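# A structural model of the following input is requested.
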Amino acid sequence: MKNFIELFKSINKYDLDNGLDFVIHSPGLITYKMTVQDQHLSSPNTAHGAAIAGLMDCTLGLSALSEAITRDNLTSTVEFKINYIRPAKLGEILVGTGKVIHKGKSLIISSAEIRIEGSGELVAMGQGTFNTYPFSKKDFLHDFTSAG
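You can find the predicted model right below:
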């Protein structure tokens, strides 16, 4: 899993551009963090819903992916739903916790919550469905995996 984490971090430009970082606690259980920055704002001091949705998709998706790679599979998002509970403000650190709630042969379902670090206030909750497919279908990954 360590090699996969390094690979994922090296090719995932979205995380880098948006200041996101993650920890995989175990297959199917992850934590993502993002500090609300100027680039995430839709109005003075308040994060755009798309910034929260992006963090939600990352949290749901990585929880599913961290499970799928244990079976040499990757994932793609089929759908996800989000409920916004409270706005996120400039400077707040958002913590998304995702977990797999169902793992089937071709679909994984995960759920997640995004909370404010420190206070634990709920910002959003969501659920997602992810298709699984063999790692070998991503030809461009062979360059990364065969080099090491």
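# mind listing what the nearest residue in space to residue 93 that is not next to it in sequence touches?
Leaving out its chain neighbours, the residue that sits closest to residue 93 by Cβ to Cβ, 6 or more residues apart in numbering is residue 117, at 3.9 Å. Where you see a C-beta, it was placed from the backbone N, CA and C, and this is true even at glycine. Applying Cβ atoms under 8 Å, 6 or more residues apart in numbering to residue 117 gives the contacts 33, 92, 93, 94, 95.
# mind doing that once more with 10 Å?
33, 35, 92, 93, 94, 95 (Cβ atoms under 10 Å, 6 or more residues apart in numbering).
# then residue 69?
Neighbour list for residue 69: 1, 4, 5, 8, 24, 27, 75, 132, 135 [criterion: Cβ under 10 Å, 6+ apart].
# who wins on neighbours among these?
residue 75 (24 neighbours; other Cβ atoms under 10 Å).
# quick check: the farthest pair among the contacts of residue 69?
Largest separation among the contacts of residue 69 by Cβ to Cβ: 5 and 132, giving 18.5 Å.
# how much space between the one residue sitting closest to the centre of the chain and residue 96?
In the chain, the residue lying closest to the centroid (Cα atoms, centre = their mean) is residue 58, at 2.0 Å. As for residue 58, its distance to residue 96 is 7 Å (criterion: Cβ to Cβ, to the nearest Å).
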